[in-house]
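>>> Any chance you could fold what I've pasted below:
(chains A and B)
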Amino acid sequence: MLPIEYYLWFAAALFAIGVAGVLLRRNVIIVFMSIELMLNAVNVTFIAFSRQMNNIDGQIFVFFVMTLAAAEVAVGLAIIVAMYRNKKSINVQDMNLLKW
Amino acid sequence: MESFVFYIFAFMVVAGGWVVIYSNNLIYSAFSLLFTFVGLAGLYGLLMADFIAATQILIYAGGVLILLLFGIMLTARKTSIEITQSNLPRLPGAIISSLIFLLLMVVIFSEPNWNSATNPGVKETVPVIGKLLMTKYLIPFELASILLLAALIGSVFIARREDS
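Next comes the predicted model:
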């Protein structure tokens, strides 16, 4: 096995890309994809440590993260479609109905 | 050899992720996300997590990505697939994400011995995962199924037209 640092650096880079996407883009769907990138970075870390510690529990956590990601995408896209129907826009800055 | 394969998959993932956040075309973003997911599945295979790798392909490349493509098609007008770049202040976001990256690197480097073991790894993951899901993680497993059911019903309810 490669040293685990390789996987940790890689996961850190992927997580940073996801954070940059959430902060820099204004399109809701791109923000969604960036959230998926961050969740996947966490999954890589889980699996790398699971391999390192010779313990399979980390892989179970990855399953739950995947379940949550799937549920999140389904509900989120439903919200996006409903919002597009009402506002004709998928820009984050137009989602200001609850803004004080 | 192993590091060569790692670099190929890691480059695939990082380049795909970069295109996702950098491209002005939503379709390009979605398809480079496909490369990212497939590369991640390859990395999981490299880490001996074969079942996770298959699940990654099935759920992310087969499910999440298709849902995202449907979302793009349902919300795109002819003019809005090409996202116009407004003059947003980009500097704060770039600084924050670089700081997070630096922080993670500092944490990783400050631990000198990650104890890179040479253990052979778990040979067969599927039986162990199945046993764990049915014994130790039974309640979270059932809760996850309830969550999926709730997400299914909720998304249908939210996305439904209200003029019926």
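>>> Look through chain A and tell me its longest helix.
Longest helix in chain A by number of residues (criterion: DSSP state H): helix A:57-87.
>>> in the host helix or strand of residue A:23, what counts as buried?
Assigned by DSSP states H and E, residue A:23 belongs to helix A:4-24. With burial defined by 16 or more other Cβ atoms under 10 Å in any protein chain shown, the residues of helix A:4-24 counted as buried are A:4, A:6-24. The C-beta positions use only the backbone N, C-alpha and C, and glycine is treated the same way.
>>> which residues does residue A:89 contact?
Listed by Cβ atoms under 8 Å, 6 or more residues apart in numbering or on different chains, the contact set of residue A:89 reads residue A:83.
>>> To what extent is the closest residue to residue A:84 other than its chain neighbours buried, counted in neighbours?
Leaving aside its sequence neighbours, residue A:84 sits nearest to residue B:75 (Cβ to Cβ, 6 or more residues apart in numbering or on different chains; 4.3 Å). Close neighbours of residue B:75, defined as other Cβ atoms under 10 Å in any protein chain shown, add up to 22.
>>> I'd assumed residue A:87 was in contact with residue B:75.
No. Look at residue B:75 against residue A:87 with Cβ atoms under 8 Å: they stay out of range, at 10.6 Å.
>>> distance of residue A:52 from chain B?
Distance, residue A:52 to chain B, by Cβ to the nearest Cβ, to the nearest Å: 6 Å.
>>> what's the domain layout of chain B?
With automatic domain parsing as the criterion, the domains of chain B are listed as B:1-81, B:122-164.
>>> hmm, who's touching the one helix or strand residue B:93 maps to?
Per DSSP H and E: residue B:93 is located in helix B:91-110. With Cβ under 8 Å, 6+ apart as the test, helix B:91-110 has contacts from A:5, A:8, A:9, A:12, A:13, A:15, A:16, A:17, A:19, A:20, A:23, A:24.
>>> Those: which ones sit near chain B?
The residues of those that also fall near chain B, by Cβ under 8 Å from any Cβ of the partner chain, are A:5, A:8, A:9, A:12, A:13, A:15, A:16, A:17, A:19, A:20, A:23, A:24.
>>> Output the below-cut-off pLDDT ranges for chain B.
Applying pLDDT under 70 to chain B flags residues B:77-89, B:115-122, B:163-164.
>>> Now residue A:46. Nearest residue, chain neighbours left out?
residue A:58 (4.4 Å).
>>> Okay, the residue nearest to the spatial centre of chain B and chain A: tell me how far apart.
Nearest to the geometric centre of chain B sits residue B:37, at 6.2 Å (Cα atoms, centre = their mean). For residue B:37, the distance to chain A equals 8 Å [Cβ to the nearest Cβ].
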